[in-house]
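1. below is the sequence, then the predicted model.
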Amino acid sequence: MKRVIVIGATGSIGRQTLDVAARHPDSFSVVGMSAHRDAAGLATASRAHPRASLCLSGRSTATDGIRYAGSDGLRRLIEETDADIVLNAAAGADGLMPSFYAVASGKDLALANKETIVMAGRLVLDAARTAGRKILPVDSEHSAIFNMIERFGRDSVRGVVITASGGAFRDAPVESLASMTPTDALSHPTWNMGAKITVDSASMANKGLEVIEAARLFSMPPERIEVVIHPESRVHSFIRTKDGSLYAQMSRPDMRIPILNALAWPESVDEDVADMDPCDVLLHFSKPDPRRYPLLGLAYQALLAGEGATDAYNAADEVAVAAFMAGRARFTDIYRIVAETLESPFPATLEDIESVRAVDFEARAAAERIVKENR
């Protein structure tokens, strides 16, 4: 029986994690969960997991039935709750500190918050190694790579290929992208996700973040990480081995699979997911068009520039997407805002969490200025 804390319990990944735990009561017990401000959603979620201690990290004071509040309450929830693993499904940069709290308090980390690695990958990986804890990726692409590397051994792997659906505008004329609305961007062809990640899928900033995450998680040089468009979303990633072979991990697009893999590791637990019939699906792959997805190339540039640039890439993208969703920027402005933010120099190495936060603050301020100047 694994005791689980779920951070971001009312979001898409958080809800699916609670569902997985409820479906496997002999394998998992949810002993803690948090939301940012959604008290009603947290209360509803807790009914199926009555043992869980609750936290509202965006509230300053606790309320009836909710033991912890605020950012310090979130730290205390993670540190004080007797658990084996923390699944971090917090959104954006807000997920950074829960990841550190998890490994520092001696718990394994099931990581759905890719921003942790993009912003402070070396620091959190070092912290996990020091504590003797494991970081288990929950993103379907990185879960696939992780499990294949576990089976083949890191020394056998020459490179990885990450697949991408192409997002809502995959087939739209490039000339039409400037007129696309938030409603248009949220029409994802395959996955049911939160708003920010769905917009990032349309721009492929999400895939850029995943390239950075893969480089840091798997010690993979950028030139060994490829991205291909795969509309069917059945192949989640490939690995290239040194003998020239290409291996794929395939399944239906169901996040319960990588969630379960992360929670159960190193064991396996049966899940009631329909088998994929290889005779029922045609698989297509193509190279991303850099005119349609310039943020993908920008992510590679940030990765080569260093830790400060990837931190800034994430911060500027969060500001740009928020501006787009609020009607303060066009869809095509997202790239421009991030690119102009990255024109400023950022440190190649971030030595501590204070440095990470300082770059995040600086990049957000710069991106917000760009938004205001171009309205």
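-> Arrived safely.
2. what are the boundaries of the strands in the chain?
-> 2-7, 28-35, 53-56, 68-69, 85-88, 108-111, 135-137, 157-164, 225-229, 235-241, 246-250 (DSSP state E).
3. quick check: which of these is nearest to residue 358?
-> Evaluated over the strands of the chain, closeness to residue 358 peaks at strand 85-88, with 22.2 Å, by C-beta to C-beta. To be clear about C-beta, it is placed using only N, CA and C from the backbone, and glycine gets the same treatment.
4. the closest one pairs with which strands?
-> Partner strands and pairing direction for strand 85-88 (DSSP bridges) are strand 2-7 (parallel), strand 108-111 (parallel).
5. just those strands: most buried one?
-> strand 108-111 (a mean of 28; mean count of other C-beta atoms under 10 Å).
6. for that strand, give the mean pLDDT please.
-> For strand 108-111, mean pLDDT is 98.
7. starting at the chain centroid, how far to it?
-> Remark: strand 108-111 is offset 12 Å from the chain centroid, using C-alpha atoms, centre = their mean, to the nearest Å.
8. and stretch 194-212, by the same measure?
-> Remark: stretch 194-212 is offset 9 Å from the chain centroid, using C-alpha atoms, centre = their mean.
9. flag the shaky bits of the stretch 251-375 of the chain, pLDDT-wise.
-> 375 (pLDDT under 70).
10. all helices for it, in order.
-> Counting by DSSP state H, counting those that start in this stretch, the stretch 251-375 of the chain has helices at residues 256-264, 294-305, 307-325, 333-341, 353-373.
11. of all the strands of the chain, which one comes closest to residue 298?
-> Comparison of the strands of the chain against residue 298 by C-beta to C-beta identifies strand 225-229 as nearest, at 12.9 Å.
12. so what secondary structure elements neighbour the closest one?
-> Packed against strand 225-229 by the contact rule (3 or more C-beta pairs under 8 Å, 6 or more residues apart in numbering; DSSP states H and E) you find strand 157-164, helix 205-217.
13. where do the domain boundaries of this structure fall?
-> 2-137, 160-252+289-373 (automatic domain parsing).
14. what's the most buried one of the helices and strands packed on strand 225-229?
-> Highest mean neighbour count among these (mean count of other C-beta under 10 Å): helix 205-217, a mean of 26.
15. so which elements touch it?
-> Looks like helix 205-217 contacts helix 115-131, strand 135-137, helix 140-152, strand 157-164, helix 195-203, strand 225-229, helix 294-305, helix 307-325 (3+ C-beta pairs under 8 Å, 6+ apart).
16. quick check: which of these is nearest to residue 181?
-> It's helix 307-325; of the helices and strands packed on helix 205-217, that one is closest to residue 181 (C-beta to C-beta) at 9.1 Å.
17. residue 123 is in contact with residue 116, correct?
-> No. Taking contacts as C-beta atoms under 8 Å, residue 116 lies outside contact range of residue 123: 9.5 Å.
18. among these two, which residue is more densely surrounded?
-> Neighbour count, other C-beta atoms under 10 Å: between residue 116 and residue 123, residue 116 has more, with 27 against 21.
19. neighbours of residue 318, how many?
-> For residue 318, the neighbour count with other C-beta under 10 Å is 23.
20. give the contact list for it.
-> Contact analysis of residue 318 by C-beta atoms under 8 Å, 6 or more residues apart in numbering lists 92-93, 196, 364.
21. out of these, which is nearest to residue 262?
-> Closest to residue 262 out of the contacts of residue 318 is residue 92 (19.7 Å), distances taken as C-beta to C-beta.
22. I'd like the domains of the chain written out as TSV, with distance to residue 267 added.
-> Below are the domains of the chain laid out as TSV (distance: least, C-beta to C-beta, whole Å):
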stretch	distance to residue 267
domain 2-137	8
domain 160-252+289-373	18
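23. now the phi/psi pair for the residue nearest the centre of the chain, please.
-> Central residue of the chain (C-alpha atoms, centre = their mean): residue 114, 3.3 Å from the mean position. The phi/psi pair for residue 114 (degrees, to the nearest 10) reads phi -70, psi -20.
24. my read: it touches residue 213, true?
-> Yes. Residue 114 lies in contact with residue 213 (C-beta under 8 Å); the separation is 4.7 Å.
25. where do the contact lists of the two overlap?
-> Counting by C-beta under 8 Å, 6+ apart, the contacts common to residue 114 and residue 213 are 139, 142.
26. just for the stretch 101-250 of the chain, where's the confidence low?
-> 188-192.
27. if I look at the residue lying closest to residue 313 once chain neighbours are set aside, how far off is residue 130?
-> What sits nearest to residue 313 in space, not counting adjacent residues and going by C-beta to C-beta, 6 or more residues apart in numbering, is residue 302, at 4.3 Å. According to C-beta to C-beta, to the nearest Å, residue 302 stands 27 Å off from residue 130.
28. which one of these two has more residues nearby?
-> Counted by other C-beta under 10 Å, residue 302 and residue 130 do not tie: residue 302 has more neighbours, with 28 against 10.
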